[in-house]
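> My questions concern the predicted model and sequence given below.
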Amino acid sequence: MRRRHFEVEETAVTILADGSFFSVAEESIFRSRDVIKRFIRSEPLFGVTLEPYRPGPDAPPLVVRMCDAAEAAGVGPMAAVAGAIAERAVMDMRDAGAEQAVVDNGGDIAFLLKEETTVALYAGESVQGLGFMIAPRDGVFGMCTSSATIGPSISFGMADAATVIAENVALADACATRLGNLVTDATDEVMSAAVSEIVSVKGIDGALAAAGGRIAMRGRMPELIRVAADPSKITKVEFLRNREV
């Protein structure tokens, strides 16, 4: 697979696929963002609430998917936005004929795999040298990570990394936010209870929480391996940063 960094406004993604599908993913991301922005203009509360939100009967399918995921996780719908956009982009590449594709939307990753791939877990200085060996499975699936210490995510906890895997990528994203909120202390008791609560959500395969040098893991997570994070491959906003310099 070839790699491309792509940005539009505050969305920054890494696309891995045959190069002929890059434009499909980029166009999908533009469409998804337009759908969400239009809906926020019509229903502003959707864009700011930190509680589950039920849209009207005419809401677009992408918005409904975000709201369903948020309701299951007990968070606001924008907690599912990165995963939902990544998921839609990979689905569109699949529908265009791609057999293997990955979209990493700032740590919220959608996969379509026919071969194993390695994902490093990046959470700053607190979590280093760990990652996952992601095995192929039928269809699109996702692994999403939230953090209270790295990146722009809103979190009411203290997790360095809160990682969730599920077939439904929007759900994995929303539940990663919920998991991060639940890790309010880096004790075995709190972290174990947090991951246990998340894997009890219907549709969640597994969850991992890292905080204070401890790791708690429940459910069916990919194989945990030793792997160094390559800073050059971390998905982050680059163009805006360069304009500010």
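Cool, the structure landed. Since this is a predicted model, take the numbers as computed values, not measurements.
> for the chain, what's the longest helix?
Selection of the longest helix in the chain by residue count, based on DSSP state H, yields helix 22-42.
> quick one: buried residues of it?
For helix 22-42, a neighbour-count test (16 or more other CB atoms under 10 Å) marks 22, 24-26, 28-29, 32-33, 35-36, 39 as buried. Where you see a C-beta, it was placed from the backbone N, CA and C, and this is true even at glycine.
> For F6, state which of those residues is nearest.
Distance to F6, by CB to CB, is smallest for E26 among these, at 5.5 Å.
> Setting aside sequence neighbours, what's the nearest residue to that closest one?
Computed as CB to CB, 6 or more residues apart in numbering, the closest residue to E26 that is not its neighbour in sequence is F6, at 5.5 Å.
> wait, isn't P77 in contact with V64?
No - counting by CB atoms under 8 Å, P77 does not reach V64; the two are 9.6 Å apart.
> For the protein, which segments count as helices?
Applying DSSP H to the chain gives helices spanning 22-42, 45-48, 61-73, 81-95, 169-182, 188-199, 239-244.
> which of these is buried the deepest?
Among the helices of the chain, helix 169-182 has the highest mean neighbour count (mean count of other CB atoms under 10 Å), at a mean of 31.
> Quick one, which of the helices of the chain gets closest to G131.
helix 169-182 (16.2 Å).
> Can you show me the CA trace of that closest one as CSV?
Extracted C-alpha coordinates of helix 169-182, given in CSV (Å, rounded to 0.1, in the frame of the first residue of the first chain):
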residue,chain,number,x,y,z
VAL,A,169,-15.7,2.3,13.6
ALA,A,170,-18.0,5.1,14.8
LEU,A,171,-18.9,3.0,17.9
ALA,A,172,-15.2,2.2,18.6
ASP,A,173,-14.5,6.0,18.4
ALA,A,174,-17.3,6.9,20.8
CYS,A,175,-16.4,4.1,23.2
ALA,A,176,-12.8,5.2,23.2
THR,A,177,-13.9,8.6,24.4
ARG,A,178,-16.1,6.9,27.1
LEU,A,179,-13.2,4.7,28.2
GLY,A,180,-10.9,7.7,28.5
ASN,A,181,-13.6,9.4,30.7
LEU,A,182,-13.8,6.4,32.9
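> if we can go back for a sec, which positions are bridged to the residue nearest to E26 in the beta structure?
Assessed by DSSP bridges, F6 has beta-bridge partners V13.
> confidence score at it?
pLDDT recorded at F6 is 91.
> State the number of residues packed around it.
By the criterion of other CB atoms under 10 Å, F6 has 18 neighbours.
> now the one 5 residues further on
The burial metric for T11, expressed as a neighbour count using other CB under 10 Å, is 18.
> Over to the one 4 residues further on?
Here the count is done by other CB under 10 Å, and I15 has 28 residues near it.
> swap in V201?
Around V201 there are 20 residues (other CB under 10 Å).
> Then S20?
Neighbours of S20 using other CB under 10 Å come to 12.
> Roughly how far does I165 sit from H5?
Counting by CB to CB, to the nearest Å, the separation of I165 from H5 is 24 Å.
> swap that for S147, please
Going from S147 to H5 by CB to CB gives 20 Å.
> Neighbour count: these two, which is higher?
More crowded of S147 and H5, by other CB under 10 Å: S147, with 26 against 15.
> For that one, give me its contacts.
107, 123, 153, 155, 159-162, 180 (CB atoms under 8 Å, 6 or more residues apart in numbering).
> likewise H5?
The neighbours of H5, taking CB under 8 Å, 6+ apart as the test, are 12-15, 235, 238.
> Most widely separated two among the residues you listed?
Taking CB to CB as the measure, those span a maximum distance of 14.1 Å, between I15 and E238.
> and the end-to-end length of stretch 199-219?
With CA to CA, to the nearest Å as the measure, stretch 199-219 spans 6 Å from end to end.
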